[in-house]
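J.: sequence plus predicted model, see below.
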Protein chains: 2
Amino acid sequence: MVQYATTRLDAAFAALSDATRRGVLEQLGRADSSITELAGKFHMTLTGMKKHVGVLEQAGLVATEKVGRVRTCKLGPRRLAEEVAWIEEYRQLWASRFDELDKVVEELKQKEKVDGRKRRE
Amino acid sequence: MVQYATTRLDAAFAALSDATRRGVLEQLGRADSSITELAGKFHMTLTGMKKHVGVLEQAGLVATEKVGRVRTCKLGPRRLAEEVAWIEEYRQLWASRFDELDKVVEELKQKEKVDGRKRRE
DNA sequence: CGCATACTGAACCATGTGGTTCAGTATCTA
DNA sequence: TAGATACTGAACCACATGGTTCAGTATGCG
């Protein structure tokens, strides 16, 4: 198995294990936001939200910049590439451990191929 | 955004946020193992390992069966499909948020090219 | 200037986590 | 049947988490 920076994986997965934080990421995907806006949207205190943002920032998933009184949060530099890579390797392992299922998947693929051909005809 | 069962996402991501537990999953991808074997491999007490296995089992990532004295652990029913789906949606959001930035970067590159030419002249 | 706004930090609280030890119980095996 | 093996459960520990309140500081605005 490939060697991963475990601490970064730890931080990213831990950051994603909270519904509020996943919500914040989705929100920031739509628009940059201030701490106040996020706190309002998720019904919690400024201080509470700041902690969540801190966790996300630590994990590299959010970047913030303070201008005047306002700290603006946006999506950060990390794209969860390593995390996806880890999970995909896991899924491969998983699949290889389940032989019968492999056959099922193979059958499905065949079916799909046929369906695709039909559609194109 | 698609609606996810947040509690399951919570449990799965939390389970993955620990290096030992990720290691256990990788191990079980290679071979089913008893608690004792896992505890030995990861240098901790039986009791400690049992807790990790419990977390993984709770998240659906590991299944166990006790036969005689021995509880055998194997990869569980969940394939992390939802988790991958969530992350992929996030990555898409991320990419779309940086389209503008991409343009800016592209412009800067162009500018740099021009500047470089000027400097060389 | 003076007040409202936006954040920050410390302190607190309940609960969860990652580990341990110790004292069992249940199951093999000689 | 005796002893070793494999697990289980309770209790404990230090520390992290997710939240709060309260008391600041810094900034914008009329």
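T.: Structure's in. What do you need?
J.: ok, A:I87 - contacts?
T.: With contact set as Cβ atoms under 8 Å, 6 or more residues apart in numbering or on different chains, A:I87 has these partners: B:L16, B:L80, B:E83, B:V84, B:I87. Backbone N, C-alpha and C define where each C-beta goes, glycine included.
J.: hmm, 6 Å instead?
T.: Contact analysis of A:I87 by Cβ atoms under 6 Å, 6 or more residues apart in numbering or on different chains lists B:L80, B:V84.
J.: repeat that for A:V70.
T.: Applying Cβ under 6 Å, 6+ apart, the residues contacting A:V70 are A:S34.
J.: what pLDDT is listed against it?
T.: The model reports A:V70 with a pLDDT of 98.
J.: what residues does chain A have near DNA strand D?
T.: Proximity of chain A to DNA strand D is confined to A:14, A:17-18, A:20, A:44-45, A:47-48, A:51-52, A:55, A:67-69 under the rule Cβ under 7 Å from any atom of the strand.
J.: return the subset of the residues you listed lying in strands.
T.: Secondary structure defined by DSSP state E assigns A:V67 of those to strands.
J.: which of the residues of chain A next to DNA strand D are buried?
T.: Neighbour-count burial within the residues of chain A next to DNA strand D applies to A:A14, A:S17, A:D18, A:T20, A:H52, A:V55; the criterion is 16 or more other Cβ atoms under 10 Å in any protein chain shown.
J.: how about the fifth one: what's its closest non-neighbour residue?
T.: I take that to be A:H52. On the basis of Cβ to Cβ, 6 or more residues apart in numbering or on different chains, the spatially nearest residue to A:H52 that is not a chain neighbour turns out to be A:R21, at 5.3 Å.
J.: coming back round to it: can you name the two of the buried ones among the residues of chain A next to DNA strand D that are farthest apart?
T.: Based on Cβ to Cβ, the longest span within those runs between A:A14 and A:T20 and measures 13.2 Å.
J.: just the ones of the buried ones among the residues of chain A next to DNA strand D in helices?
T.: Among those, the members found in helices (DSSP state H) are A:A14, A:T20, A:H52, A:V55.
J.: in chain A, which helix or strand is least confident?
T.: Evaluated with mean pLDDT, DSSP states H and E, the helix-and-strand set of chain A has its lowest mean pLDDT in helix A:99-120, which scores a mean of 51.
J.: can you tell me which residues in chain A are near DNA strand C?
T.: If contacts are counted using Cβ under 7 Å from any atom of the strand, the residues of chain A sitting beside DNA strand C are A:S34, A:I35, A:T36, A:A39, A:L46, A:T47, A:K50, A:K66, A:R69, A:V70, A:R71, A:T72.
J.: what distance do you get for the fourth one to B:K41?
T.: Yep, that's A:A39 we're talking about. Counting by Cβ to Cβ, to the nearest Å, the gap from A:A39 to B:K41 is 44 Å.
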